[in-house]
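**Student:** What follows is a predicted structure for the sequence shown.
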Amino acid sequence: MTGVRVFITGMGLVTPAGSGINRTRDVIRRGEKTIRPLSLFPVDEKNRLPVGEIMDFVETGGLPRTHQLALTAAKEAMAHANQIPDAVVLGVTTGGMLTTEEGLKRGDVNPGTYQYHSPDSVTEAVARAVGCHGPLITLPTACSSGAVAIKAALEMLRAGMARTVLAGGADSLSRLTYHGFRSLRLIDPQAARPFDKNRQGMSVAEGAALLVLTASEEVPDHAIAEILGGGLSCDAHHPSAPHPDGAGALQAMAAAIHDAHIRPEEIDYVNLHGTGTVDNDLSEAKALNAFFPGKKPLMSSIKGAFGHSLGASGAAEAVVCALSVSENLIPANVGCTVPDPDLGIKPLTRPEETTLVRTVLSNSFGFGGNNAAIVIGAPDRAQAAMHGGRGDPCHLKVLKTACLTGAGNTEMSMRAIWEGRGCKGMVPDKILTEGLSARAVRRLKRLPRLVLSLASAAQSGSHLPKGPSAVFFGTGWGALSETYDFLTSLFGSEEQFPSPIDFVGSVHNGPAGQAAIYLKATGSNITATGGDYSFEQALMLAGVLAKDVDGPLLVIGSDEWHKTLTPLLDRSARIDTVASDGGGALCLGQSESVPGLKTGVLFYEIGEHNPSVMPSLMDRLSHGKSIQEKYEVIFVGIPAACRNRGQEQLATFLSMSGFEGPVIDYRNITGEFASASAVASVLAIGCLERGGLPGNLWRGKSVPLNEKGILLLGLGDRVTAVEVIY
Amino acid sequence: METAVNQLIKELKVKIIDTLHFEDITSDDIVEMDQLVGGDLGIDSIDVLELVMMIDKDYGIRIDNKELGEKVFASLTSLARFIHENREGEAN
């Protein structure tokens, strides 16, 4: 059988126990807890609650705390690595939020203050430190992020897109998450007591965990553990509360063991999500009872010991699971003294080191009903399943498209482009909720409204036998309105009245969760972020994860323009005189046999400090036919802030490829916003469906496409290539 | 007392519509004796927490345990009575 297995060959960890795996291992062995009252930032004494804070972490200035935590974990993980990773895939929910909050609080309007705001900037800092040129993938899927990142990396390795990936997660404490969970009354004033009868909530924490994942046909000498499989699902039930019966959790666990080719009876230990909230623990327990109807394996949550480090937690727990299979160390469920009799599960009360552990399951669930489960095995397990050899994983069939632009809905946008007016500007308010009930959008601000509207338009009237069952969402900046409103009402009320609705809406994956609820899409629900290259990340992940999805996939790219935050965060939007926003959505299918348009991401690397980027792009694009033979037209997206670099890259590309056809600089049409490339993709598909380019796009004459494809290049800080072909 | 409670009910209807961003209903659509949470309006647990915040901010009354919350938010009438009683208590 051809294919690869994926091994953990290096690990780095920072938890409230301290920096380095040894510190966490020692705390686990002693069954201690590391949760104490918050001291990282000042809070009113009556609002001071216990958290998992890293007390002795020395910040060195420059980068925000999350970035430094991630870099510390990356250094440890890479200490014995003998090659540069081909990709970095991180789960991060708030990025430089702690620094952003301080800036906004003091009314700082210098954009430089906010340059590390994005979760993607954490991934970039790690990639730069280890010399990786990309792809760089950042997955802000709330509390499941770290585990989702491992699953995404696993599939990239299996698909042959990389041989080594540095994957994991990182998040520092921030006011947003601390006061946000406080506003939801989800923080236990006595520290988290997962599965305890008297549990009252979680303990928000911080940390970073990175794993070097290596694809190999054989067990490498230095393998610590093997990633046997992973499963993703979405509750499609509620923006923040888990499914009451644990349906999504059960689906993720089932998908994970299916992917790992094992049976539930083979699981020796389950590392539980177990946050300590009443509803989460109940929902997970119901899922576990259904999944293990007979004898249950050993189980524990480490969140009573270390708190819940949000984006980092899934990755930190994968590191702990690797210790379980490599050292037979099973952590205690610290904090649980009287197991809740209503739950029907008995978590371990003391750490265990005498049971042989071969195979473990790790659960991570989050806001947006976002669920992930990972199966980790001892590296010498015989008969581990091999994966791969599936051929090109990246192309999906175009079933339907939709876009929203300053000109309006899809039809209005296309008409504006065909008439030469372009579609810059902000999506008109009345278009934003077209076809959606007032009740459906009641709690939603601008970005989730854009996304829901796109989701609705991209599947309505398409005569699909089945609606989309998975959602892949790329956003450069996330829900800016909710984030801004949450922080301003927090600061405006001296931290007394943070809005729970705005907190729930502020998470990057909120809009994708809303789309899932609307579509009843219970498959994978991925949100990716990376400035002007976010949509490409979402499309790339749709390509590699499609194999797990039963039914069509919806890939959306969207960003909102926010009057305060957009000019502070988005360097290109700041330069343009017209405020623009909107997005595009592609409903994609997997049936290769049916003729029609296909799309996929061919290339994604960083453009800065990467001298070989253009030759690498050429190499990737030159398989088979020449570029001129494959594509009639090139759409190029060069964000205004990196015009010079982008123009140079384009000139190099044209000279290397000898391409002489039309090159459409699409940001002149769409305006400057992070997910403009999603609109460009919809436009490219529209041109191919019509058989040609409208006259006004290229030197005043219409261009027949002659059944050739369109190549979409993203240039500037990163270089991406997406093709739409027959 | 009933006049004061009725006045509060009227006031709360406007505040609920505003706080929970109801764009498709008016005060007349909220029936004061109806089940407030999980009823026709679609008010759920996050909405209740948002209302708890509003009541703390606008009336200076804290509702900080689940059992009390369930009783208080049973209907708009029970909410108005609770606010009235606790405001009065404070005044006395």
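**Tutor:** Alright, I've got the coordinates. Numbers count the residues shown, from 1 in each chain, chains lettered A, B, ... in the order given.

**Student:** Could you name the helices and strands sitting against the host helix or strand of residue A:712?
**Tutor:** If you go by DSSP states H and E, residue A:712 is part of strand A:709-714. Strand A:709-714 sits against helix A:627-630, strand A:631-637, helix A:676-690, strand A:718-725, with contacts defined as 3 or more C-beta pairs under 8 Å, 6 or more residues apart in numbering or on different chains; DSSP states H and E. The C-beta positions use only the backbone N, C-alpha and C, and glycine is treated the same way.

**Student:** Quick check: which of these is buried the most?
**Tutor:** helix A:676-690 (a mean of 25; mean count of other C-beta atoms under 10 Å in any protein chain shown).

**Student:** mind listing what the helix or strand following it pairs with, with the direction of each?
**Tutor:** Per DSSP H and E, the first helix or strand lying C-terminal to helix A:676-690 is strand A:692-693. In the sheet, strand A:692-693 lines up against strand A:703-704 (antiparallel) (DSSP bridges).

**Student:** Measure how buried residue A:619 is and give me the count.
**Tutor:** Neighbour count of residue A:619, defined by other C-beta atoms under 10 Å in any protein chain shown: 11.

**Student:** Pull the contacting residues for residue 27.
**Tutor:** Here I'm looking at chain A. Taking C-beta atoms under 8 Å, 6 or more residues apart in numbering or on different chains, we find residue A:27 in contact with A:15, A:17, A:34, A:305, A:306.

**Student:** wait, chain B
**Tutor:** With contact taken as C-beta under 8 Å, 6+ apart, residue B:27 is in contact with B:10, B:13, B:14, B:17.

**Student:** coming back round to it: and which of the contacts of residue A:27 is nearest residue A:635?
**Tutor:** Nearest to residue A:635 among the contacts of residue A:27 is residue A:15, at 45.3 Å by C-beta to C-beta.

**Student:** for residue A:555, helix, strand, or coil?
**Tutor:** Assigned with DSSP: H, G, I helix; E, B strand; the rest coil, residue A:555 falls in the strand class.

**Student:** thinking again about what came up before, who wins for neighbours among the contacts of residue B:27?
**Tutor:** residue B:13 (21 neighbours).

**Student:** Could you tell me the model confidence score at the residue of the stretch 451-600 of chain A found nearest chain B?
**Tutor:** Residue nearest to chain B within the stretch 451-600 of chain A: residue A:500 (4.2 Å; C-beta to the nearest C-beta). Confidence at residue A:500, expressed as pLDDT, is 96.

**Student:** Equivalent analysis for residue A:624, please.
**Tutor:** 71.

**Student:** and what of residue A:355?
**Tutor:** Reported pLDDT for residue A:355: 89.

**Student:** before we move on, what about residue A:389?
**Tutor:** For residue A:389, pLDDT reads 49.

**Student:** Also residue A:462?
**Tutor:** For residue A:462, the model assigns a pLDDT of 63.

**Student:** Around chain B, pick out the residues from the stretch 351-500 of chain A.
**Tutor:** By C-beta under 8 Å from any C-beta of the partner chain, the residues of the stretch 351-500 of chain A that approach chain B are A:437, A:438, A:439, A:442, A:443, A:493, A:496, A:497, A:498, A:499, A:500.

**Student:** May I have the beta-bridge partners of residue A:555?
**Tutor:** residue A:472, residue A:586.

**Student:** contacting residues for it?
**Tutor:** Contacts of residue A:555 (C-beta under 8 Å, 6+ apart): A:472, A:473, A:474, A:535, A:538, A:539, A:542, A:585, A:586, A:588.

**Student:** for chain A, what helix or strand is lowest in average pLDDT?
**Tutor:** The helix or strand of chain A with the poorest confidence is strand A:703-704; it has a mean of 88 (mean pLDDT, DSSP states H and E).

**Student:** Contacts only, for residue 41.
**Tutor:** Going with chain A. Taking C-beta under 8 Å, 6+ apart as the test, what residue A:41 contacts is A:98, A:173, A:175.

**Student:** oops, chain B please
**Tutor:** Residue B:41 neighbours (C-beta under 8 Å, 6+ apart): B:22, B:25, B:29, B:30.

**Student:** among those residues, which are in reach of chain A?
**Tutor:** Applying C-beta under 8 Å from any C-beta to the contacts of residue B:41, those adjacent to chain A are residue B:22.

**Student:** For residue A:710, grab the count of nearby residues.
**Tutor:** By other C-beta under 10 Å, neighbour count at residue A:710 equals 28.

**Student:** excluding its backbone neighbours, what's nearest it?
**Tutor:** Spatial nearest neighbour of residue A:710, chain neighbours left out: residue A:684 (4.2 Å); criterion: C-beta to C-beta, 6 or more residues apart in numbering or on different chains.

**Student:** with the contacts of residue B:27 in mind, which one is nearest to residue B:57?
**Tutor:** residue B:14 (15.0 Å).

**Student:** could you say which helix or strand contains that closest one?
**Tutor:** helix B:2-19.

**Student:** Name the nearest residue to the residue of the stretch 351-500 of chain A found nearest chain B, ignoring sequence neighbours.
**Tutor:** For the stretch 351-500 of chain A and chain B, the shortest gap (C-beta to the nearest C-beta) falls at residue A:438, measuring 3.7 Å. Counting by C-beta to C-beta, 6+ apart, residue B:24 is the residue found nearest to residue A:438 once chain neighbours are left out, at 3.7 Å.
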